[in-house]
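**Q** below are the sequence and a predicted model for it; my questions follow.
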Amino acid sequence: MNSDAVVTGTKSLVAGALVADGTGAPMERLDVLIEGTRIIAVEPHGAITAQGDWQVIRADALVLAPGFIDVPSHADLSPLLSDDDT
């Protein structure tokens with residue numbers, strides 16, 4: 001994400017997404033509140049009431065994987081592979 005495009009203090013509510021937390025736990029339908037570039041709350045769907053100036057993203061048909069996918073990174077798996085795997 002281009003941090004120049006994020007307005008500090010702006011809040012976005014991703015409402016009703018099926019959230020995968022990366023731990024292998026079953027996904028849950030949750031609301032995720034974001035301020036700027038930070039997740040500030042994760043609550044059961046319907047528990048967060050949007051305020052007038054918040055951006056609300058209806059995510060009922062979407063899966064959200066907050067924070068555990070770092071798309072622009074480059075992984076070097078070679079230290080994790082055994083000699084037989086390389």
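**A** In hand now; what should we look at?
**Q** what about the nearest residue to E28 once chain neighbours are set aside, distance to L13?
**A** The shortest distance from E28 to any non-neighbouring residue, by C-beta to C-beta, 6 or more residues apart in numbering, is to V19 (5.7 Å). For every residue, glycine as well, the C-beta is placed using N, CA and C. As for V19, its distance to L13 is 13 Å (criterion: C-beta to C-beta, to the nearest Å).
**Q** residues touching the residue nearest to E28, list them.
**A** Listed by C-beta atoms under 8 Å, 6 or more residues apart in numbering, the contact set of V19 reads M27, E28, R29, L30, V32, V42, V63, L64, A65, P66.
**Q** if we use 6 Å, what do you get?
**A** Counting by C-beta atoms under 6 Å, 6 or more residues apart in numbering, V19 touches E28, L30, L64.
**Q** just for this protein, where's the confidence low?
**A** Scanning the chain for pLDDT under 70 picks out the ranges 1-9, 68-86.
**Q** any idea what the residue nearest to E28 is bridged to?
**A** Applying DSSP bridges to V19 gives these bridge partners: E28, L64.
**Q** what about the strands in this structure?
**A** Using DSSP state E, the strands found in the chain span residues 11-19, 28-35, 38-44, 55-58, 63-64.
**Q** grab the nearest non-local neighbour of A59.
**A** Spatial nearest neighbour of A59, chain neighbours left out: A17 (3.6 Å); criterion: C-beta to C-beta, 6+ apart.
**Q** identify the residues contacting that neighbour.
**A** Taking C-beta under 6 Å, 6+ apart as the criterion, A17 is in contact with A59, L62, L64.
**Q** buried members of those residues into PyMOL, please.
**A** The buried residues among the contacts of A17 can be selected in PyMOL (16 or more other C-beta atoms under 10 Å) with this line:
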select buried, resi 59+64
